[in-house]
Every structure is written in structure tokens, then in C-alpha cells.
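**Student:** fold the following, please.
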Amino acid sequence: MTIIITILLAIAGIISLLLIIALFMKKVHYVRREIIINAPLHKVFDYIKLIQNQEKFNKWAAADADRIKEFKGTDGTKGFIYAWSGNKKAGQGEKEIISIIEGKRIETEMRFVKPMVAVAKVIMETESLAENQTKVYWSNESSLFYPLNIMVPMIEKMMAKEMDISLLNLKKILENNPNN
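**Tutor:** As a prediction, this is how the structure comes out:
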């Protein structure tokens, strides 16, 4: 019986420690990644401003190819909304274009419903480095409430890896297909 009590006390101690640690951890996660694409700025920006094109390179979009999709408005313009509902990994939510600075920046807001309620600000920016070379910056920022904020370092690491994969996918699409 003392072994069971010892185990239960150890578990309670670990949970208490994690809850205390979470009190002092940041609640906002922010990830910014970048890549250089050998294509002119107008080609790159015209491609990434379309949310439906983002489906072709975004790693998270590949989480469920059979998810239900709904589009409202004109893609590539302020107010366009892409909503999805998919499997456990893809979840459910919507992405809305909040603002566009033509040739420079697209800002979107992602509103997740499942697997948990959350809102993220996602920005993609372009910078011309040369006539046929464009740098793409991609950032994602969101908040997690206590005690879920204990996962912020893990989320930042995972998101950076997945964003890098998505940016490499984008690079391949734009450099290997002259029609995009």
C-alpha cells in the first residue's frame, strides 16, 4: 500500500511542479522562418497571396487530403475566408485574409476550433533580392493560456520544422514550374 501512496505522491508532485513552471513561462509563441526563391518577386507574391495555392505547399494542408473545404469571397483579396474540417490531425478552423500590401505582405488570421480553440496571426512577406531572386518571410504568432503555455517551446520547435518543410515545398513549386 505504501508503494501506491508513494507513486501517487510522486505523480502529484510532478504535476504540481509542471503547474508551477507554467506560471513563469511565456504565453505567446512566435516563429519566423525565411527562404530565398530563385524567381521574380511578382511571381512569388502572386502565388502565395492565394490561399488556395498555399494548400499546395503548406505541410499542415497535407494532414488530411479529404477534409471538407469551404471558400467565401475572392481569393487573394482582403476578407477571403477558407474554412476546413478534417480528421484529428487537420482539425477544424478557418483562415481569413486580414490585409494585403500588394507585392509585399499578406496577413491572415487563423481561427482554430478543433483540436483546441486558438487564434493565430500568420504573415507572409516578400523582399526582392535581385531581378530573379525573392526572399520569403513567414511568421506565426499565437497565445496559449495557462497551463497549456508549458508547451510553447515544443510548439515553436515543431512549427519551425514544419514551416521550413513548407517553404522548401514552395521553393520547389516556384523554381521548377515556369507556369506558376
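**Student:** parallel or antiparallel, list what pairs with the helix or strand in which residue 100 is found.
**Tutor:** Secondary structure from DSSP states H and E places residue 100 in strand 92-101. Partner strands for strand 92-101, per DSSP bridges, with pairing direction: strand 81-85 (antiparallel), strand 105-114 (antiparallel).
**Student:** just the CA atoms of that strand, as CSV, please.
**Tutor:** What follows is strand 92-101 as a C-alpha-only set of coordinates in CSV (Å, rounded to 0.1, in the frame of the first residue of the first chain):
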residue,chain,number,x,y,z
GLN,A,92,-11.3,22.4,-37.9
GLY,A,93,-11.0,26.1,-38.4
GLU,A,94,-10.8,29.0,-40.8
LYS,A,95,-8.2,31.3,-42.3
GLU,A,96,-9.1,34.9,-43.3
ILE,A,97,-7.1,37.4,-45.2
ILE,A,98,-6.9,40.4,-42.9
SER,A,99,-4.7,42.7,-45.1
ILE,A,100,-2.7,42.7,-48.2
ILE,A,101,0.1,45.1,-49.3
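**Student:** who touches it?
**Tutor:** Strand 92-101 is contacted by residues 49, 51, 76-86, 105-114, 122 when judged by CB atoms under 8 Å, 6 or more residues apart in numbering. Placement of C-beta: from N, CA and C, glycine included.
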